[in-house]
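*Asks:* kindly generate the corresponding structure for this input.
(chains A and B)
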Amino acid sequence: MVKKLKKNSEYFIYLCGILLFSSVLLISAEVVLRKFFLFSFGAADELSGYVLGIIISWSLTYVLFEKMHIRIDVIYEKVSNKSKNLFDVIAMFFTFSFSMLLTYFSFDVVYTSIIKNSTANTPLGTPLWIPQLIWWLGFAFFSLVVFILLLLAIRTMISNKRNDYTSVSKEQL
Amino acid sequence: MSLVLISVVVLLCLLFLSVPVASTIAGVGMLVGYFFSDYPIFESIGEVTWSASTDFLLLSIPFFVLLGEILLHSGIAKNIYFALQKWLSWLPGGLLHANIASSAIFSSISGSSVATAATITTVAMPQSEKYGYKPGLFAGTIAAGGTLGILIPPSINLIVYGFLTNSSIP
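*Replies:* Numbers count the residues shown, from 1 in each chain, chains lettered A, B, ... in the order given. Model prediction:
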């Protein structure tokens, strides 16, 4: 199950890459058009802002699996395996509470936009719930994965085996 | 006073417990906001996150990282390194100077220390075995050169600084 989630997070990161590249193309085209043809799409900055929000929330999961959420392992390296498992549980717990807070309160933003039919304050006038919903789903997916990893870390602490998904180092994977 | 003391102690405790740095900073921020501020913090988390994560200025950060990756994979970084290696070969300890100089050039292109050090390492480290340099000294020059990454603009930290203080980013 965790393996499947990891695979899925890789697919999402490819989608994020495609989005990032398309916003690169959009901005480059905008710059050239403005400079030489005095013409503008008028929405490049807004759309690429949404792209940034979406890639931030959807890439969190992949970054978690790749162990790039930076953890200070000065003490971690010096303690026994049993304490290491405890440390992993603590780290996962804090990450989980943070991600749940983000998910819960960012749902407020989406919900307000839906019931009030908010549109962006720009020429394009995007209905805000579309980008916000995609953005929120990224946080929701991240919280789901962190919850599963938290359970995994607790199971590891009880059974006292090694578990490469929640530990600090990456080499064993 | 107690605010500074409590936040620093909690911050250090959580960091040394190997809690991820992002969660630590967020946790300390919420703690301080909840106990020491009159303004409601939890109600504004969603809006603040949305408006900060869709800011057009901050989009330049992933673009800088992307630029660094493109330079690395297109082989330009390699060419810079070998050119500097030729230019600086007359100095005693030539490759070490080449490490520092190519870090300086690369850091004026890319924005982050880690990216600079990682890029130069992938190109330079095989040379140390080839020419019999002492690996510790060799890696040390790359690590020291990598810190130039955030010093020479454009760098990510300066973009964040400009974003926070509303100063113009050339």
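*Asks:* dihedrals phi and psi, the residue in chain B sticking out farthest from the centre?
*Replies:* Each residue of chain B has a distance to the centre, and by C-alpha atoms, centre = their mean the biggest one is for B:Asp38: 34.5 Å. Dihedral pair for B:Asp38: phi -80, psi -20, per degrees, to the nearest 10.
*Asks:* A:Leu47 contacts A:Leu26, correct?
*Replies:* Yes - in this structure, A:Leu47 is within contact of A:Leu26 by C-beta atoms under 8 Å, at 6.6 Å. In this view, the C-beta of every residue, glycine as well, is placed from N, C-alpha and C.
*Asks:* can you give me the helices in chain B?
*Replies:* For chain B, helices defined by DSSP state H occupy the ranges B:2-16, B:21-36, B:45-53, B:60-74, B:76-87, B:94-107, B:113-131, B:135-146, B:156-165.
*Asks:* ranking the ones you listed by burial, who's on top?
*Replies:* helix B:94-107 (a mean of 22; mean count of other C-beta atoms under 10 Å in any protein chain shown).
*Asks:* just say helix, strand or coil for the residue sitting nearest the centre point of chain A.
*Replies:* When chain A is reduced to its mean C-alpha position, the nearest residue by C-alpha atoms, centre = their mean turns out to be A:Leu60, at 2.6 Å. Following DSSP: H, G, I helix; E, B strand; the rest coil, the label given to A:Leu60 is helix.
*Asks:* I'd like to know how far it sits from B:Leu58.
*Replies:* 16 Å (C-beta to C-beta, to the nearest Å).
*Asks:* cool, and A:Asn85?
*Replies:* 37 Å.
*Asks:* neighbour count: the two, which is higher?
*Replies:* A:Asn85 (22 against 18; other C-beta atoms under 10 Å in any protein chain shown).
*Asks:* secondary structure of the more buried one: a helix, I assume?
*Replies:* Yes - the assignment for A:Asn85 is a helix, going by three-state DSSP.
*Asks:* isn't it right up against A:Ile154?
*Replies:* No - assessed by C-beta under 8 Å, A:Asn85 is found out of contact with A:Ile154, at 9.1 Å.
*Asks:* low pLDDT regions in chain A?
*Replies:* When residues are selected by pLDDT under 70, those of chain A lie in A:170-173.
*Asks:* same thing with chain B?
*Replies:* B:170.
*Asks:* contact residues of chain B facing chain A?
*Replies:* Taking C-beta under 8 Å from any C-beta of the partner chain as the test, the list of chain B residues beside chain A reads B:14-24, B:26-27, B:30, B:42-43, B:45-47, B:49-50, B:53-56, B:58-59, B:62-63, B:66.
*Asks:* now do the helices in chain A.
*Replies:* According to DSSP H, the helices that chain A contains are A:2-37, A:44-65, A:81-116, A:129-159.
*Asks:* okay if I get these as JSON lines plus distance to B:Gly145?
*Replies:* Below are those laid out as JSON lines (distance: least, C-beta to C-beta, whole Å):
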{"stretch": "helix A:2-37", "distance to B:Gly145": "28"}
{"stretch": "helix A:44-65", "distance to B:Gly145": "26"}
{"stretch": "helix A:81-116", "distance to B:Gly145": "32"}
{"stretch": "helix A:129-159", "distance to B:Gly145": "35"}
